[in-house]
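[1] Fold the stuff below for me.
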Amino acid sequence: MQIIGMKRIQVNFVTCLIRNEVLVVKKKKGDAIDMENKVQQFDKALEWINKNTIDGNGIAVTSKEQVIYPEVTGYYIPSLLQWGERERACAYAKYLCSIQKENGSWFDSMDKDPYVFDSAQILKGLIAIRDIMPQVEENIIKGCDWILSNMQSNGRLTTPSKDAWGADEDFCSELIHIYCLSPIKEAGEICGKTEYIDSVNKILNYYKREKIDRIKNFSLLSHFYAYVMEGLFDLGEIDLCRESMERLEKYRNSKNGIPGLNDVPWVCSTGMFQLAIVWYKLGELEKGNSLFYYALSLQNESGGWYGSYPAPGFMAKFYMGRKKPYYFPDAEISWAVKYFLDALALKEKLEFEKQAPTFLEEIDDADGRYLCIQNNVQELMKKDGHELKICDVGCGKGRYLKKLQKKYPMNEYYVTDLSSKVMENIEHVEEKKICSMTNISYEDAKFDFVYVCEAYEHAINLKGAFEELFRILKKGGKLVIIDKPIDKKGEMEIDEWEQWISDEDINSYAKEYGGNVRIEKNISYENRNDGLFRAWIIEKR
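    All right, here's what the predicted structure looks like:
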């Protein structure tokens, strides 16, 4: 299992040592997952985004309709930030701000009609990027004000376009406005607008009162129904979300997929990724994984997904009318890629938290991995002649950090990891940040020394992670990456999304971003020196 920012225990095929006990790692014959193919699927998805980004400004509607889709461009921004695509996310945000109407609304892809839903999804993106681009707060407030101007006295949230949902209420309806509420609530919290929060509660109560049967029972295209479910979860309606998701389970097909509608034998790719997201948020890893991997298996060679696919056991010639896939069956939809990225990020975090209790808390003073970090800290202190700001990225339970704190207490220490749980017992640091390695929540050029030990291999987007690690490093500072070199691959079982590290890649990244690389091979560990670990030491020019 691939995990971002994790301190992994060393697995030697079937056993590993944990706190002086032996943990048996059981593997079924045939369970091995082709790691390279999995990573390639992620890379192909990023390439699809690159190919379908129009003039650097936004994502296309589909592979066939090469027009910027403002709605999807908006909710792509958090996904791009999560996966280390900061530059592209900023470009998307700048474009969306440039096309906002004077009244605060955003229009559809044809610039014909203003939509509440589209505008709210753009707000998701602008709120996500606000710390990087604080000037977007004005756009956020204007957008929220316009959306809430469409709220009726009873709490119903309407939209100016009369045909926003089409003619089929069993396909899509304004019920998906529930998915619009979390960004308005968040905007109220960060901008000090309590009236936004009051309005959100009023709107939510309207839909819970008037549409509760449609909320609890699978009533829309799975893509749209998942909007409702995730919206409920994000607004704190956990019990209602869980009850509705459990009712949905009866519709699973023979391959464990959820059909596109409650009465059809075909599936919606985006809907399954989204429903996987909801299960992940509810803490249900297995249920989420079953949908995630089903949808992942449908990925086209291009890296994208069609909107709908036949369910197993049905031949096209037997389809009639509604039974035949008709939701973008031959066009790759941009939103499918977005929700693949979101589902993967949540899956990784949940997998990480599941394994966190097994993480090691101590490391020997003579371990070569620790000594490498210590020696480079010492060198930099002597060179600069002052205390350092040090960041442990993917800190785990802080076993390297604790050693450094004891030896060099005068330095300032900062830590990041995917979950607060794993960092609970880390003390005496300036700050803890919960974040992925591809979206580090620190400002540019903050640290003198950044290190990542046995975590970089889990970043999936290795280049994006390197860019983030380098971004938070000062000029003249050092980045130390300690991990497994690619030439040792095959000597132990590895997680499904894990990548071992290439000297060529590190040298290439360093050259692009302005760094000098020194490589130390055969880093010792646990009284062994077999070449399993290597250190890449990069100085920022």
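
[2] CA atoms for contacts and neighbours, from now on please.
    OK.

[3] Name the residues that touch the longest strand along the chain?
    Ranked by residue count under DSSP state E, the longest strand found in the chain is strand 473-483. With Cα atoms under 8 Å, 6 or more residues apart in numbering as the test, strand 473-483 has contacts from 369, 373, 380, 444-457, 469-470, 500-501, 533-541.

[4] can you rerun that using 6 Å?
    Identification of contacts with strand 473-483 by Cα atoms under 6 Å, 6 or more residues apart in numbering yields 445-454, 533-541.

[5] just stretch 299-309 next, same as before
    Here stretch 299-309 has contacts from 44-45, 48, 266-269, 325, 327-333, using Cα under 6 Å, 6+ apart.

[6] same thing but 7 Å
    Under the criterion Cα atoms under 7 Å, 6 or more residues apart in numbering, residues 41, 44-45, 48, 266-270, 298, 325-333, 336-337 lie in contact with stretch 299-309.

[7] and Leu350, how many residues sit next to it?
    20 (other Cα atoms under 10 Å).

[8] give the contact list for it.
    Per Cα under 7 Å, 6+ apart, neighbours of Leu350: 280, 285.

[9] Kindly report the same for Cys180.
    By Cα under 7 Å, 6+ apart, the neighbours of Cys180 are 117, 120-121.

[10] So it lies in a helix, does it not?
    Yes - according to DSSP: H, G, I helix; E, B strand; the rest coil, Cys180 belongs to a helix.

[11] Tell me where the stretch 401-541 of the chain has helices.
    462-471, 503-513 (DSSP state H, counting those that start in this stretch).

[12] do the stretch 201-350 of the chain as well
    212-216, 222-234, 238-248, 269-281, 285-297, 334-355.

[13] mind listing what's buried in stretch 500-509?
    By 16 or more other Cα atoms under 10 Å, the buried positions in stretch 500-509 come out as 500-501, 506-507, 509.

[14] Mind picking the one among these that's closest to Trp146?
    Ranked by distance to Trp146 (Cα to Cα), the buried residues of stretch 500-509 are led by Tyr509 at 43.7 Å.

[15] which residues does that closest one contact?
    Lys463.

[16] returning to that earlier point: same list, the helices of the stretch 201-350 of the chain, but as CSV with distance to Asp170 and mean pLDDT please.
    What follows is the helices of the stretch 201-350 of the chain, written out as CSV (distance: least, Cα to Cα, whole Å; pLDDT from 0 to 100):
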stretch, distance to Asp170, mean pLDDT
helix 212-216, 10, 98
helix 222-234, 10, 98
helix 238-248, 15, 98
helix 269-281, 15, 98
helix 285-297, 22, 96
helix 334-355, 20, 95
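
[17] Tell me which of those lies nearest to Lys193.
    It's helix 222-234; of the helices of the stretch 201-350 of the chain, that one is closest to Lys193 (Cα to Cα) at 18.7 Å.

[18] List the contacts of the closest one.
    172, 175-176, 178-179, 182, 218-219, 238, 241, 260-261, 268, 270-271, 274-275, 278.

[19] from these, which would you call buried?
    By neighbour count, with 16+ other Cα under 10 Å, the contacts of helix 222-234 hold 172, 175-176, 178-179, 182, 218-219, 238, 241, 260-261, 268, 270-271, 274-275, 278 as buried.

[20] what sits against Pro325?
    Counted by Cα under 7 Å, 6+ apart, Pro325 has contacts 266, 308-310.

[21] what about Pro259, how many neighbours?
    Counted with other Cα under 10 Å, Pro259 comes out at 24.

[22] Report the beta-bridge partners for the residue nearest to it when sequence neighbours are not counted.
    Leaving aside its sequence neighbours, Pro259 sits nearest to Val267 (Cα to Cα, 6 or more residues apart in numbering; 4.4 Å). Val267 forms beta bridges with Pro259, Tyr309, as assigned by DSSP bridges.

[23] Settle this for me: Val267 is touching Ile258, isn't it.
    Yes - under the criterion of Cα atoms under 7 Å, Val267 makes contact with Ile258 at 6.4 Å.

[24] What are the buried residues along the helix or strand containing Val377?
    Element membership for Val377 (DSSP states H and E) is helix 368-384. For helix 368-384, burial by neighbour count (16+ other Cα under 10 Å) applies to 368-374, 376-377, 380-381.

[25] now swap in stretch 163-171 and tell me
    Here stretch 163-171 shows 164, 171 as buried, counting by 16+ other Cα under 10 Å.

[26] what do you get for stretch 88-100?
    Quick answer for stretch 88-100 (16+ other Cα under 10 Å): 88-90, 92-97, 100.

[27] related to what we said a few turns ago, could you pick out the buried ones from the contacts of strand 473-483?
    446-454, 533-540.

[28] Looking at those residues, which are in strands?
    Per DSSP E, the buried ones among the contacts of strand 473-483 map to strands at 447-453, 534-540.

[29] Can you pick out the most distant pair from those residues?
    Phe447 and Arg534 (22.8 Å).

[30] Confirm that Trp165 sits in a strand.
    No - if the criterion is three-state DSSP, then Trp165 is coil and not within a strand.

[31] Spatially nearest residue to the residue nearest to the spatial centre of the chain (excluding sequence neighbours)?
    The centre of the chain sits closest to Ala345, judged by Cα atoms, centre = their mean, with a distance of 3.4 Å. Leaving aside its sequence neighbours, Ala345 sits nearest to Gln82 (Cα to Cα, 6+ apart; 7.8 Å).

[32] and the one you found, how many residues sit next to it?
    The number of residues packed near Gln82 is 22, by other Cα under 10 Å.

[33] and if you look at Asn461?
    As a burial measure, Asn461 scores 21 neighbours (other Cα under 10 Å).

[34] Buried residues in stretch 277-287, which are they?
    Across stretch 277-287, burial judged by 16+ other Cα under 10 Å covers 277-283, 285, 287.

[35] on that earlier part again, what remains of the contacts of stretch 299-309 if I keep only buried residues?
    Listed as buried from these are 41, 44-45, 48, 266-270, 325-327, 329-333, 336-337; burial here means 16+ other Cα under 10 Å.

[36] circling back to that earlier point, what's the pLDDT at the residue nearest to Pro259?
    pLDDT for Val267: 96.

[37] What of Lys397?
    94.

[38] a helix runs through it, doesn't it?
    No - counting by three-state DSSP, Lys397 is not part of a helix but coil.

[39] what sits against it?
    Lys397 neighbours (Cα under 7 Å, 6+ apart): 359, 361, 422-423, 426.

[40] can you do 8 Å?
    Applying Cα under 8 Å, 6+ apart to Lys397 gives the contacts 7, 359-361, 422-426.

[41] Select only the buried ones of those in PyMOL?
    Buried subset of the contacts of Lys397, written as a PyMOL selection, criterion 16+ other Cα under 10 Å:
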select buried, resi 7+359+360+361+422+423+426
